[in-house]
Structure formats: structure tokens, C-alpha cells
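heads up, no residue letters with this:
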């Protein structure tokens, strides 16, 4: 009887580990897709509007400066 209980507990623990692993994989896929989509959107904006960008991959964040805003800042 003890072996059966131990075997049942081990199989439940293995099932929980597998579920946790699957959730982590799904999370990473969603995160990677979000980052890729964000990078594509930033690239599109930088081409269309001439934004100045700081690399998000370097963990520095984004620095946007629209040309019209820059002109207002310079010309007052």
C-alpha cells in the first residue's frame, strides 16, 4: 500500500512539473512575440518619422524625438 501511495505522489509531482514547464514555455513565446512586434513597430516609426531611438535591446529604454517637437524646442 505504501508503494502505491508513493508512486501516486511521484506521478502527481511529475505532472505538476510538466504543467509548470509548459506554462513557462508559453510565457516565453508570448514575451518573445510581444518584443518582436514592438521592435517592428519602433522600426516602422523610425523610418516614417525619423525618430531618434535608443536601443531597447540594451535595456536603455526608448528616447523618442519627433522632428516637429525638436523644431519647437529649438525655435521656441
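Perfect, I can see it now. Small disclaimer: the values here were computed from a predicted structure and weren't measured. Numbering: from 1, shown residues only.

helices and strands around the longest helix along the chain, which ones?
Assignment by DSSP state H gives helix 2-49 as the longest helix of the chain. The helices and strands touching helix 2-49, judged by 3 or more Cβ pairs under 8 Å, 6 or more residues apart in numbering; DSSP states H and E, number zero. C-beta here means a position set from N, CA and C on the backbone, and glycine is covered the same way.

mean confidence for that helix?
What helix 2-49 shows for mean pLDDT is 82.

Can we start the residue count at 47 from this point?
Let's use 47 as the start, then, which means that last one is helix 48-95.

How many residues are close by residue 71?
Other residues near residue 71 come to 10 when the count uses other Cβ atoms under 10 Å.

Please read the previous query as pertaining to residue 85.
For residue 85, using other Cβ under 10 Å, the count is 13.

That one and residue 50, how far apart?
Distance, residue 85 to residue 50, using Cβ to Cβ, to the nearest Å: 53 Å.

Same check on residue 73?
To residue 50, residue 73 is 35 Å away according to Cβ to Cβ.

try residue 75
Here residue 75 is placed at a distance of 38 Å from residue 50 (Cβ to Cβ).

Same check on residue 81?
Counting by Cβ to Cβ, the gap from residue 81 to residue 50 is 47 Å.

who's more crowded, the two?
Neighbour count, other Cβ under 10 Å: between residue 81 and residue 50, residue 81 has more, with 12 against 8.

ok, the more buried one - contacts?
Residues counted as contacts of residue 81 (Cβ atoms under 8 Å, 6 or more residues apart in numbering): none.

if I look at residue 60, how far off is residue 69?
15 Å.

ditto for residue 61
Residue 61 sits 13 Å away from residue 69, going by Cβ to Cβ.

Next: residue 84.
The gap separating residue 84 from residue 69 is 22 Å, by Cβ to Cβ.

can you check residue 51 too?
27 Å.

Nothing else from me, thank you.
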